[in-house]
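Student: Make a model of this:
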Amino acid sequence: SDLSVKNGYQKLLGREPAEQDRVAEYVFIAWFTVELLVNMLGQGWDFLFGPNRTWNIFDVLLIANAVLELSVDVAQNLS
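Tutor: Presented below is the predicted three-dimensional model:
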């Protein structure tokens with residue numbers, strides 16, 4: 001989270017974040033995406049309707065936001 005804020009601030013200043021910061025961000029996004037998928041497969045419908053559904057939905061929103069942000073960054077670097 002702190003890394004995301006720092007990188008966002010660097011972008012506002014017109015600077016690119018350091019490469020090691022990007023790699024760390026990619027690794028964490030990949031790790032938490034895999035964790036989320038394993039939880040979804042393991043819990044089945046309880047993932048959405050069980051007692052922890054609010055935390056699960058919160059996790060989905062966080063990961064979706066991170067993947068979307070990563071996709072936008074990659075798309076901007078391609079052009």
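Student: Tell me the helix or strand right after the lowest-mean-pLDDT helix or strand in the chain.
Tutor: Of all the helices and strands that make up the chain, helix 2-12 has the lowest average by mean pLDDT, DSSP states H and E, namely a mean of 67. Later in the chain than helix 2-12, the nearest helix or strand by DSSP states H and E is helix 19-43.
Student: Can you name the next helix or strand after that next one?
Tutor: Downstream of helix 19-43, the next assigned helix or strand under DSSP H and E is helix 46-49.
Student: how about that following helix: buried residues?
Tutor: By 16 or more other C-beta atoms under 10 Å, the buried positions in helix 46-49 come out as residue 47. C-beta coordinates here come from the backbone N, C-alpha and C atoms, glycine included.
Student: Show me what the helix or strand just after that helix is packed against.
Tutor: Counting by DSSP H and E, the next helix or strand C-terminal to helix 46-49 is helix 53-78. Contact partners of helix 53-78 among helices and strands, from 3 or more C-beta pairs under 8 Å, 6 or more residues apart in numbering; DSSP states H and E: helix 19-43, helix 46-49.
Student: Quick one: residues contacting the residue nearest to the spatial centre of the chain.
Tutor: For the chain, the residue nearest the mean C-alpha position is residue 66 (2.7 Å; C-alpha atoms, centre = their mean). Each residue near residue 66 by C-beta atoms under 8 Å, 6 or more residues apart in numbering is listed here: 29, 32.
Student: Low-confidence stretches in this protein?
Tutor: Scanning the chain for pLDDT under 70 picks out 1-12, 14, 16-18, 20, 79.
Student: For the helices and strands packed on helix 53-78, give me TSV that also has distance to residue 72.
Tutor: As requested, these are exported to TSV (distance: least, C-beta to C-beta, whole Å):
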stretch	distance to residue 72
helix 19-43	13
helix 46-49	27
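Student: Tell me which of those lies nearest to residue 77.
Tutor: Closest to residue 77 of the helices and strands packed on helix 53-78, according to C-beta to C-beta: helix 19-43, at 10.0 Å.
Student: Show me what that closest one is packed against.
Tutor: So helix 19-43, by 3+ C-beta pairs under 8 Å, 6+ apart, packs with helix 2-12, helix 53-78.
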